[in-house]
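**Q** Here's my sequence, what's the structure:
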Amino acid sequence: MSEDLGGWGGAEFVLAADRLDTPDVVEAADPGDMLRQVASAAAQVRTALRSCAETDLSVFTPDGRPRAIVVAGMGGSGLAGEMLTAMTGLSSPVQVVISQAGRLPGWVGAADAVLAVSCSGATPETLAVATEAARRGCRLACVGAGESPLHRIAEQARAPFVPVVPASPPRGGTGGSSPPEPALPRSMLWAVSIPLLVIGERLGVTRIRPGRLRAGGDPAGGGVAPVPPGQRVVRQPGQVTGPGPGRRAADGLGHLGAERGRGAAVRQPAA
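**A** Got it, this is the predicted structure:
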């Protein structure tokens, strides 16, 4: 099947749908394994909820709400902060601040909570923020890869650490000589976001209904739901921040997915 795509300079493209059924072709066109990781979104939610249940988060309670929640994360991991902002909304009793500067704002202190997020657990800016938060006596929680530098910082600070576990096994390292390829942070959106939403619920600033998410039930009763473009991205009782944070998250995933999946289209010379 071919059609003239004027937006591409009049060149003809052939979309070979059967190429999506050829694993070797898909791997060549998707070197970051984006397609498989995004397809594991539901499994990411269940795995992240299990990791949260196995982590002692008792330091976060509605009776001990912080003055502000500061989310430190760079790049794809920083999207978790956008998700928390969207879920808390404008009526939140606790301000949510996203820090991507590699350092804590000067006003952050012991009355605040700092959530350090790094999918790899080795992002220098996030490590610096986590270290500074522990030094200032902030209520700290870390989300990242197990046995990572961020994990060690959390242990030293006696802070909760929620491990990020890929819902599907990474490429390589499963019998071959090549080591496993790390998952792209943007493809692990739910794995890094769910721990923040669980902490937010424990503080009484979000309502995500973990039981319904774990069961994969109808999101219309609460939680994250797909909606048309331009509409609110979260179905929740009460005020919700508009489409900005969720749209940026979706745009980031869509842009990367388009770049990775462009190999599915084979360019043909014009007749």
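**Q** And the strands in this protein, which stretches?
**A** Listed in chain order, the strands of the chain (DSSP state E) span 2-4, 12-15, 68-72, 95-99, 113-118, 139-144, 161-163, 223-224, 234-235, 265-268.
**Q** By mean pLDDT, show me the worst of the ones you listed.
**A** Mean pLDDT is lowest for strand 265-268 among the strands of the chain, at a mean of 37.
**Q** Give me the distance between the two termini of stretch 45-60.
**A** Taking CA to CA, to the nearest Å, stretch 45-60 runs 20 Å from one end to the other.
**Q** Stretch 30-40 now?
**A** End to end - CA to CA - stretch 30-40 spans 15 Å.
**Q** Same check on stretch 51-69?
**A** 21 Å.
**Q** where in the stretch 1-150 of the chain is pLDDT low?
**A** 1-18, 20, 32 (pLDDT under 70).
**Q** tell me the contacts of M188?
**A** By CB atoms under 8 Å, 6 or more residues apart in numbering, M188 lies in contact with 37, 44, 76, 119, 164, 166. The way it works is simple: take the backbone N, C-alpha and C, and place the C-beta from them, glycine included.
**Q** Next one: it relative to G73, how far apart?
**A** 12 Å (CB to CB, to the nearest Å).
**Q** Quick check, T131 in contact with I153.
**A** Yes - counting by CB atoms under 8 Å, I153 is a contact partner of T131 at 5.9 Å.
**Q** Which one of the two is surrounded by more residues?
**A** Neighbour count, other CB atoms under 10 Å: between T131 and I153, I153 has more, with 24 against 18.
**Q** all helices of the stretch 1-150 of the chain, in order?
**A** With DSSP state H, counting those that start in this stretch as the criterion, the stretch 1-150 of the chain has helices at 23-29, 34-39, 41-53, 75-88, 124-136, 149-157.
**Q** Output the last one as CSV, restricted to C-alpha atoms.
**A** Output in CSV follows, covering the C-alpha atoms of helix 149-157 (Å, rounded to 0.1, in the frame of the first residue of the first chain):
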residue,chain,number,x,y,z
PRO,A,149,24.4,5.0,43.8
LEU,A,150,21.0,6.4,44.6
HIS,A,151,20.1,3.3,46.5
ARG,A,152,23.3,3.7,48.6
ILE,A,153,22.4,7.3,49.4
ALA,A,154,19.0,6.2,50.6
GLU,A,155,20.5,3.6,52.8
GLN,A,156,23.0,6.0,54.3
ALA,A,157,20.2,8.5,55.0
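**Q** circling back: and which of the contacts of M188 is nearest to L57?
**A** Ranked by distance to L57 (CB to CB), these are led by V164 at 15.5 Å.
**Q** just checking, the closest one touches S148?
**A** No - shown here, V164 and S148 do not form a contact pair, counting by CB under 8 Å, at 9.2 Å.
**Q** Find residues that contact each of these two.
**A** Contacts common to V164 and S148, judged by CB under 8 Å, 6+ apart, are G121.
**Q** So for those two, which sits in the more crowded spot?
**A** Neighbour totals were compared for V164 and S148, and V164 leads with 27 against 21 (other CB under 10 Å).
**Q** quick one: contacts for the residue nearest to that one when sequence neighbours are not counted?
**A** Distance criterion CB to CB, 6 or more residues apart in numbering; nearest residue to V164, sequence neighbours excluded, is A191 at 5.0 Å. Counting by CB under 8 Å, 6+ apart, A191 touches 44, 47-48, 119, 164-167.
**Q** how near is A191 to V143?
**A** In terms of CB to CB, A191 sits 9 Å off from V143.
**Q** tell me, what's touching the two both at once?
**A** In contact with both A191 and V143: V164, using CB under 8 Å, 6+ apart.
**Q** I'd like the contacts of A191 as a markdown table, with distance to D56 appended.
**A** Formatted as a markdown table, these follow (distance: CB to CB, whole Å):
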| residue | distance to D56 |
| --- | --- |
| Q44 | 22 |
| T47 | 18 |
| A48 | 16 |
| C119 | 22 |
| V164 | 17 |
| V165 | 17 |
| P166 | 23 |
| A167 | 23 |
